[in-house]
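> let me see the structure of the following:
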Amino acid sequence: MHLDHIVVATTDLGESARRLADTSGLAAVKGGVHDGLGTHNCIVPLGRGYLELVAVHDADLAGGNPFGRLVLSALAGAEEAFAGWAVAVAADELDARSQQVGLPIGRLTRAGVGVRHLGMTRALESSGLPFLLARDAGNQDPGLLAAGHTVRPRGVRAVSVGEARSEVEAWLMTRVGVENPELPVVCLSAGRGVAQVDIETDEGTVALLHTQPTTALS
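Residues are numbered from 1 along each chain as shown. Model (predicted):
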């Protein structure tokens, strides 16, 4: 089990990618259209983890599935915002957790290849909680894609969420915190959703805040 990625919802993929590159040196890789979900994306690979920039191209389709609703909810009154975060688990662990908590497993694909996921409805209710995913066999980890960065990313150093630590740990059934490099999660006492993402690079730490998640502070 490890932190997989952070979803950044945006009304303009190109503009958000350009702004992130200009302010952080982190470049996006072209993604594509999610099959039947009304959303499309691009990827900012970080070595350990990645950012997924997601926009809506069909609001009707997006409103009919949990991932689309996660993105639409984040964009209510905003041009861009953190929409959620994901933790990767093994396929058998995803199956076991589904039976344990009584939640269905969903599927998200692009060009037919993708992931199975669990808990997006929980993330919609409390966006500080992650959803779980298991990648299809042979599906490359997007965090390892080549990108035209002008700095060298060393992975997500920390993700700060507005959720009680007890709630996050109960959902994941393991301890989280900056002392755990697989789940470097900082739980804040107030607020909802992802508040901040800190990314380690060879030139220092880049901080992305919920108010402007593609405008980096260093």
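> against Leu26, how distant is Arg152?
The gap separating Arg152 from Leu26 is 10 Å, by C-beta to C-beta, to the nearest Å. Using the backbone N, CA and C atoms, a C-beta is placed for each residue, glycine as well.
> correction: the previous question concerned Ile6.
Distance from Ile6 to Leu26, counting by C-beta to C-beta: 12 Å.
> what sits in contact with each of these two?
Here Ile6 and Leu26 have Leu51 as joint contacts, going by C-beta atoms under 8 Å, 6 or more residues apart in numbering.
> more neighbours: which of those two?
Neighbours were counted for Ile6 and for Leu26 using other C-beta atoms under 10 Å; Leu26 has more, 27 against 24.
> hang on, the more buried one packs against Leu20?
Yes: with contact defined as C-beta atoms under 8 Å, Leu26 counts as touching Leu20 (5.7 Å).
> picking that back up, what touches both of Arg152 and Leu26?
What both Arg152 and Leu26 touch, as defined by C-beta under 8 Å, 6+ apart, is the set Thr201.
> ok, now which ones touch Leu118?
Counting by C-beta under 8 Å, 6+ apart, Leu118 makes contact with 94, 97-98, 101, 103-106, 131-133.
> any low-confidence regions in the protein?
Applying pLDDT under 70 to the chain flags no residue at all.
> before we move on, the earlier item: what is the most widely separated pair among the contacts of Leu118?
Greatest spatial distance in those: Val101 and Leu133, 15.0 Å, computed using C-beta to C-beta.
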